[in-house]
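Visitor: Kindly generate the corresponding structure for this input.
(4 chains)
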2 protein chains.
Amino acid sequence: MTKTIPAYQRIKNAILDNIHSGKWQAGKAISTEMALAKEFGVSRMTVNRALKELSEERVLERRQGSGTFVAQQQFNHTFVEVRNIAQDLKSANRDYQAQVVSKRAITANMLDDELRRKFGIETAEALSAHSKNDDVANSAGATVLYEVKIIHFADGQPIQFEERWVDAKKVPEFIEQDFSVVNTSDYLIAKSPLERGSYTIRALAAPEEIATFLKIAPQSPTLVLRRQTYSAGQVVTFVKMWHAGDRYQFSGEL
Amino acid sequence: MTKTIPAYQRIKNAILDNIHSGKWQAGKAISTEMALAKEFGVSRMTVNRALKELSEERVLERRQGSGTFVAQQQFNHTFVEVRNIAQDLKSANRDYQAQVVSKRAITANMLDDELRRKFGIETAEALSAHSKNDDVANSAGATVLYEVKIIHFADGQPIQFEERWVDAKKVPEFIEQDFSVVNTSDYLIAKSPLERGSYTIRALAAPEEIATFLKIAPQSPTLVLRRQTYSAGQVVTFVKMWHAGDRYQFSGEL
DNA sequence: TAGTGGTCTAGACCACGTT
DNA sequence: ACGTGGTCTAGACCACTAA
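Guide: Alright, predicted model coming up:
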């Protein structure tokens, strides 16, 4: 029993064939919706769906009032997928474990500059410079961030060292969780609608502390993913994930 | 003059509001197409479009015969964008230059195992084991791959060392190009419809040769992107791009 | 079997670009 | 003004799931 192929899919395939065979060149206009509807014996809506999907797939480019064109192939950007490490390892059928190395609350006056800027937290000094109310002393001593450091193991071997900071106001119960059981990302996703994030991937020499946790030689290459995630325009969490260079890689397809 | 918002977009927004406000919980079923059509006073096709797009955006999950459900938020995959280095540096308004270090044709009997497997090329020995025609000697001595090694500079500083291999049969004029002027990726994109690719990113200690070209200390961390690109199911090109760890990073948003 | 989503039709009117 | 794509309708039949 052969499956029935939807009409819009047949049309998509026919168009792709025309492009791959070179009959329709990049940048050139293709037949109009009306013409294709007549040619394939379907309604214009069906052709419209095929063309809309192909333009979402960046195969075609549509310009209202003008026509439909074969897109210039743009292979400039390559998207590499970075998965959640716990799920990644589990789905690879490897034995996954997490060990919490440290967990603490940080007050405003303990913050270093990088974190202060990232989370947009003012220092006690900065506050006192333009305000003189009683909150100054309080806010300097109040918990503003939670910090956790976790080692992730696959088959007993350390794979990732995670350093994470979370805005204490936005996720107050964060510090109470047992992160040897609950993944930090999974918890934050459940608690807070993560809207947007930015990421960098770098290769860095392992500092002493990280090398020890990953059981590698100091200064050996590590793959470092830094990510900050926003909710309602403010940073909710910032994380640095250190991977032993010879034990982990990011990979993907496009 | 306010722009008219399409009906399907109004419906999408209303659904997103219901999800963000917590009225519709993750995993739970939402109203049916018929119900929503009645509620918003539109046809079922319009509701269908809104729901289809939201399911493509992974906000909803649709199961034929069963219903439409709020998707479990999956922030597991993070897509990191890797751009074409020449365009990347130029758009960052930095002075870009490329220096071709070497360029050569490789015959079958010169190939190492990794490349042979990647491009699916049989060795002379493997060929003679199951065929005895005259092509054996020819194919062993014939050009099968082109190899180029290029250093990419930004503001006079080496940023990327590119090692690339290209199937000589698929892109015969490749070796004749001047890659200090034409970017290898741009040329291949223009010549061959690149269909699919797979990628890995790793952190590796720089071997002697690469360290020299990048003007860094041997064994220092490098960010290595390996990519192979297919056309018509066969590997067209394989490339290793080495970046000095402290001079380059991949970054992106989601 | 009843209800859901998946697809499709044969029209229609509108927004936009080109002429 | 004309032709393009963008959106929308009020039906229809089919494929699938659950009771």
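Visitor: Assumed residue A:210 was part of a helix.
Guide: Yes - using DSSP: H, G, I helix; E, B strand; the rest coil, the assignment for residue A:210 is a helix.
Visitor: tell me the pLDDT at it?
Guide: pLDDT, residue A:210: 95.
Visitor: In stretch A:197-205, which of the residues would be classed as buried?
Guide: Of the residues in stretch A:197-205, those with enough neighbours to count as buried (16 or more other C-beta atoms under 10 Å in any protein chain shown) are A:197, A:199, A:201-205. For glycine as for every other residue, the C-beta is placed from the backbone atoms N, C-alpha and C.
Visitor: Any chance of a markdown table for those residues, columns secondary structure, pLDDT and distance to residue A:44?
Guide: Below are the buried residues of stretch A:197-205 laid out as a markdown table (DSSP: H, G, I helix; E, B strand; the rest coil; pLDDT from 0 to 100; distance: C-beta to C-beta, whole Å):
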| residue | secondary structure | pLDDT | distance to residue A:44 |
| --- | --- | --- | --- |
| A:197 | strand | 77 | 40 |
| A:199 | strand | 81 | 42 |
| A:201 | strand | 86 | 45 |
| A:202 | strand | 87 | 51 |
| A:203 | strand | 93 | 53 |
| A:204 | strand | 93 | 56 |
| A:205 | strand | 94 | 61 |
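Visitor: Ignoring the adjacent residues along the chain, who's closest to residue A:86?
Guide: Residue nearest to residue A:86 in three dimensions, not counting chain neighbours: residue A:183, with 4.5 Å by C-beta to C-beta, 6 or more residues apart in numbering or on different chains.
Visitor: Quick one: residues contacting that neighbour.
Guide: Counting by C-beta atoms under 8 Å, 6 or more residues apart in numbering or on different chains, residue A:183 touches A:84, A:86-87, A:98.
Visitor: Checking residue A:14 next. Helix, strand or coil?
Guide: Assigned by three-state DSSP, the conformation of residue A:14 is helix.
Visitor: Strands of the stretch 151-254 of chain A, residue ranges please.
Guide: Ranges of strands in the stretch 151-254 of chain A, per DSSP state E, counting those that start in this stretch, are A:157-167, A:196-205, A:221-231, A:234-244, A:250-253.
Visitor: quick one, which of the ones you listed is nearest to residue B:217?
Guide: Comparison of the strands of the stretch 151-254 of chain A against residue B:217 by C-beta to C-beta identifies strand A:196-205 as nearest, at 10.1 Å.
Visitor: Compute the inter-axis angle for that closest one and strand B:234-244.
Guide: 70 degrees (axes from the mean of the first three to the mean of the last three C-alpha atoms, to 10 degrees).
Visitor: and chain A, which of its residues are near DNA strand D?
Guide: Proximity of chain A to DNA strand D is confined to A:4, A:32-35, A:44-45, A:48, A:51-52, A:62-68 under the rule C-beta under 7 Å from any atom of the strand.
Visitor: Any of these buried? List them.
Guide: Taking 16+ other C-beta under 10 Å as the criterion, what is buried in the residues of chain A next to DNA strand D is A:33, A:51, A:62, A:68.
Visitor: Tell me which two of these sit farthest apart.
Guide: Among those, the pair separated by the greatest distance (C-beta to C-beta) is A:33 and A:62, at 9.6 Å.
Visitor: overlap in contacts of those two?
Guide: A:51, A:68.
Visitor: For burial, what's the neighbour tally of residue A:164?
Guide: Other residues within reach of residue A:164, judged by other C-beta atoms under 10 Å in any protein chain shown, total 22.
Visitor: Quick check: helices, which of the residues of chain A next to DNA strand D are part of them?
Guide: Per DSSP state H, helices hold the following members of the residues of chain A next to DNA strand D: A:33-35, A:44-45, A:48, A:51-52.
Visitor: Put together CSV for these, with pLDDT on each row.
Guide: Shown next, in CSV, are these (pLDDT from 0 to 100):
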residue, pLDDT
A:33, 92
A:34, 91
A:35, 92
A:44, 93
A:45, 94
A:48, 94
A:51, 94
A:52, 91
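Visitor: Cool, thanks, talk later.
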